[in-house]
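>>> could you look at this predicted model? Sequence included:
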Amino acid sequence: MAEFVVLLHEDPSVLARLSPAEMQAVVARYGAWFAKLGATGKLAVAKKLTDEGGRHLRGKRGSIVVSDGPFAEAKDVVAGLFIVQATSYDDARALLDDCPHFDYQGWIELREIDPMGK
Amino acid sequence: MTDSHALVADLFRHESGRLIALLTRRVGAKRLDIVEDAVQDALLAAMRSWPLRGVPANPQAWLYTAARNALFDRLRRARFELPAEFAAEPSQQDDLSFNSEAALQDDLLNLIVYCCHPALSHAAQLTLTLRLACGLGVNEIAGALLTAPDSIAQRIVRAKRELRDLQVDFGLPPVQELLEQRLPAILQTIYLLFDAGYLSANHELWTRPALCEDALRLSRILCSHPATAQHATHALAALLHLSAARLPARVGADGWPVPLAQQDRSRWDQGLIAAGFRYLDAAIGGDTLTRYHIEAVIASEHARAASVATTDWVEIVRHYDQLCALYPSPVASLNRIIALRYARGAAAALSEFAATEQLRSLDESLVYHATLGELYGALGEQEKAADAFRAAAQATASTTLAELFRGRERTARGH
């Protein structure tokens, strides 16, 4: 069985505009979806990334320049990372079909992990 | 999910109001915008964390800590000083006000008093209360008040600016000002809040119980607070509790509204009725007779009766006469005519309908045409009844209500 990285991209401003009731609905919907995904036994790793955007490291004339990650104004931030087990892209996609992420203008990057050493 | 504590309904909304009230008292109303942002930060953090990590055992405490930390960060970044007593508190366990129901009610009352400042129009007072105390978003307020979201957003900004310019701070005004100026505005705001949830002919969702529950909650807080526990406050609480008791019977199994005459009265909430009567007892005395008193007494007549047939309609008409004399309004007149139909018959009610000029201002509303259709139907004038029901269906934005009245039109036309 192959493994796939699932990167949840989102536009932070969309979620920041939600009302308290809408945010509570997000908790319920994502929570239920996530529990369902866990119950398939195909979820190997699930990590939420911190909200501050992280750091970007770049080499510049022999040294490393560190800058803050995307600001809240950025339109596209990776907010979560999963690894799922699936036989193919289609199989992996099927696990994500009903992910509530799509309803909040988010998008999902799906990457197969290259099995090294085989 | 590590944990599956279910979330209490409306937790985010209620905590939003509670935290805004609590934190604004600490840092002053001039920092209200920063407090709002900090509370939003906390709710956002919960929204991102809880689906994966599970809902914490004490969600209120989690949100409080997150909001407090976010507020500190934001104040620091804006280079505002932290209030010393506030910064010294290490956590919510040590924050007495967080765990005390009385302090929570104090805070919420302060917030509502702030929102209902007499410098603001009634519309602005209601809008600000919905936003700050009830935790509704701009779109939700726009939906509740049938106003464009842009106008609601502007109204909120303008109201807050006005209060800031007047340097209005948190805290109760002197007793006389509180009772003579603020309280009437507060009661009216809560009344409108309930009304927006009870029947919205212009809304896709014709009933929104959450708004009604908020109004009940706020009315209870005002009744239990010594500063606002006045006869008029109890009268409003009585009216709201007695009316809310009927909510479970107002929605049929198909989601359609059930008129009073056809409601299964065993589904009326007896706990709310009992509470309503207690508030009504407390409302009587002194020389105040507000519209809430009269409307509460009318609601109590319905609550007392086992059926429409055994309702004391003559008494109800008498109360409506009084209401129309003291607090005239087209809606009161229309309700009086509905009561007249049962007290003296449809013919008497219809001639009164024709004679009451004031009702014409309602002729684009659902209730106007629905009442007319009822009266014609009771008199056997099916063609006219059908036309009125069609007009009623056209006067509503709710597909459920429109469908209901198109059905009645078809029945009246005999197919």
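Structure received. Computed from a predicted structure; not experimentally measured.

>>> the helix or strand encompassing B:G373: what's the following helix or strand?
Using DSSP states H and E, B:G373 maps to helix B:366-378. Later in the chain than helix B:366-378, the nearest helix or strand by DSSP H and E is helix B:382-394.

>>> just the buried residues of whatever helix or strand comes next after that next one, please?
Per DSSP H and E, helix B:382-394 leads on to helix B:399-413 as the next helix or strand towards the C-terminus. For helix B:399-413, burial by neighbour count (16 or more other C-beta atoms under 10 Å in any protein chain shown) applies to B:T400, B:L401, B:A402, B:L404, B:F405, B:R408, B:E409, B:A412. All C-beta atoms are positioned from the backbone trio N, CA, C, and that covers glycine.

>>> against chain B, how distant is the closest residue in space to A:G54 that isn't next to it in sequence?
Spatial nearest neighbour of A:G54, excluding adjacent residues (C-beta to C-beta, 6 or more residues apart in numbering or on different chains): A:G69 at 3.8 Å. Per C-beta to the nearest C-beta, to the nearest Å, A:G69 is found 15 Å from chain B.

>>> what's A:G69 in contact with, if anything?
A:E52, A:G53, A:G54, A:R55, A:H56, A:V77 (C-beta atoms under 8 Å, 6 or more residues apart in numbering or on different chains).

>>> flag the helix or strand of chain A with the lowest per-element mean pLDDT.
Ranked by mean pLDDT, DSSP states H and E, the weakest helix or strand in chain A is helix A:12-16, scoring a mean of 85.

>>> what comes up buried for that helix?
For helix A:12-16, a neighbour-count test (16+ other C-beta under 10 Å) marks A:P12, A:L15 as buried.

>>> dump that helix to PDB, keeping only the CA atoms.
Extracted C-alpha coordinates of helix A:12-16, given in PDB (Å, rounded to 0.1, in the frame of the first residue of the first chain):
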ATOM      1  CA  PRO A  12      -7.000  32.400   6.300                       C
ATOM      2  CA  SER A  13      -9.200  35.400   5.700                       C
ATOM      3  CA  VAL A  14     -12.100  33.200   4.700                       C
ATOM      4  CA  LEU A  15     -12.100  31.500   8.100                       C
ATOM      5  CA  ALA A  16     -11.400  34.700  10.000                       C
END
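
>>> just the CA trace of the helix or strand that that helix is followed by, in PDB.
Sequence order places helix A:20-39 as the next helix or strand after helix A:12-16, per DSSP H and E. Extracted in PDB, the C-alpha atoms of helix A:20-39 (Å, rounded to 0.1, in the frame of the first residue of the first chain):
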ATOM      1  CA  PRO A  20     -19.100  32.300  16.200                       C
ATOM      2  CA  ALA A  21     -21.900  30.000  15.200                       C
ATOM      3  CA  GLU A  22     -20.300  29.200  11.900                       C
ATOM      4  CA  MET A  23     -17.000  28.500  13.600                       C
ATOM      5  CA  GLN A  24     -18.800  26.100  16.000                       C
ATOM      6  CA  ALA A  25     -20.300  24.400  12.900                       C
ATOM      7  CA  VAL A  26     -16.700  24.000  11.500                       C
ATOM      8  CA  VAL A  27     -15.600  22.200  14.700                       C
ATOM      9  CA  ALA A  28     -18.500  19.800  14.500                       C
ATOM     10  CA  ARG A  29     -18.100  19.100  10.700                       C
ATOM     11  CA  TYR A  30     -14.300  18.700  10.700                       C
ATOM     12  CA  GLY A  31     -14.400  16.700  13.900                       C
ATOM     13  CA  ALA A  32     -17.000  14.300  12.500                       C
ATOM     14  CA  TRP A  33     -15.100  14.000   9.200                       C
ATOM     15  CA  PHE A  34     -11.800  13.500  10.900                       C
ATOM     16  CA  ALA A  35     -13.200  10.800  13.200                       C
ATOM     17  CA  LYS A  36     -14.600   9.000  10.100                       C
ATOM     18  CA  LEU A  37     -11.300   9.100   8.400                       C
ATOM     19  CA  GLY A  38      -9.600   7.700  11.500                       C
ATOM     20  CA  ALA A  39     -12.100   4.900  11.600                       C
END
